[in-house]
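Colleague: Compute the structure for the input listed below.
(one chain, ligands or ions: 2)
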Amino acid sequence: MKEPTNWLVHDHRKYEAALEECEMAAGAGDWKAAIRLFQEFVDDLKVHMRMEDEVLYPAFVESVDNSAEAVADLSDEHDRIAQLLHDLAHVIKRNDMDHFEDSLTPLYKAMTTHNEHEEQVLLGMGNDSLLMRKDEILARLKTLTTDQGRVWDF
Ligand SMILES: [Fe+2]
Ligand SMILES: [Fe+2]
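Modeller: Ligands and ions are numbered 1, 2, ... in the order given. The predicted model follows:
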């Protein structure tokens, strides 16, 4: 797979690295650092998923023929990731270090699989069509605030 220097997916490696760092802190028993790293990671990822759910995915479906099904699959993967994030948030609330590490693994897996899938779809099916609308899409991304969209209870 080529390295995604592409504007649509450029943050993926950053999220994977952030979660690896969090996993390392948890593995070393540094509970405080693990929670802090997880919280930072979640804040970033929430915004990233929101940009995709609310701007990129709809723009992609509008611009690229026959892409609705592939995008629906990607949305389902977001739901799964959101579920795993909620699980981890509850583990943190319970101060349950052992389960924290256990729950990181499926999250890491779900996220890396999703990122790869998303890169395949977005870069493979319609990068050029979206590129033509890049200015419009970037303007829409800038108007996103964090007080709407997916419901988080943490
Ligand atoms: Fe993404
Ligand atoms: Fe995504």
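Colleague: Following the lengthiest helix in the chain in sequence, what is the next regular element?
Modeller: Across the chain, the longest stretch assigned as helix under DSSP state H is helix 97-132. Toward the C-terminus, helix 97-132 is succeeded by helix 134-142 as the next helix or strand (DSSP states H and E).
Colleague: Please point out which parts of that following helix sit buried.
Modeller: 137, 140-141 (16 or more other C-beta atoms under 10 Å). From N, CA and C alone the C-beta is placed, and that goes for glycine too.
Colleague: now stretch 10-27
Modeller: For stretch 10-27, the neighbour count (16+ other C-beta under 10 Å) marks 11-12, 15, 18-19, 21-23, 25-26 as buried.
Colleague: So what touches the lowest-mean-pLDDT helix or strand in the chain?
Modeller: Using mean pLDDT, DSSP states H and E, the weakest-scoring helix or strand in the chain turns out to be helix 134-142, at a mean of 84. The contact list for helix 134-142, computed with C-beta atoms under 8 Å, 6 or more residues apart in numbering, reads 7, 51, 55-56, 59, 130.
Colleague: pull the CA atoms of that helix into CSV?
Modeller: Extracted in CSV, the C-alpha atoms of helix 134-142 (Å, rounded to 0.1, in the frame of the first residue of the first chain):
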residue,chain,number,x,y,z
LYS,A,134,-11.3,20.3,-2.7
ASP,A,135,-11.7,24.0,-1.9
GLU,A,136,-15.4,23.6,-1.2
ILE,A,137,-14.8,20.6,1.0
LEU,A,138,-12.1,22.2,3.0
ALA,A,139,-14.3,25.2,3.6
ARG,A,140,-17.1,22.9,4.9
LEU,A,141,-14.6,21.1,7.1
LYS,A,142,-13.6,24.4,8.7
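Colleague: Quick one: work out the angle between that helix and helix 97-132.
Modeller: On the basis of axes from the mean of the first three to the mean of the last three C-alpha atoms, to 10 degrees, helix 134-142 is oriented at 150 degrees to helix 97-132.
Colleague: Identify the residue nearest residue 82 in space, chain neighbours excluded?
Modeller: Leaving aside its sequence neighbours, residue 82 sits nearest to residue 150 (C-beta to C-beta, 6 or more residues apart in numbering; 6.2 Å).
Colleague: And for that neighbour, the neighbour number?
Modeller: Using other C-beta atoms under 10 Å, residue 150 has 12 neighbouring residues.
Colleague: That one in helix, strand or coil?
Modeller: At residue 150 the chain is in coil, as set by DSSP: H, G, I helix; E, B strand; the rest coil.
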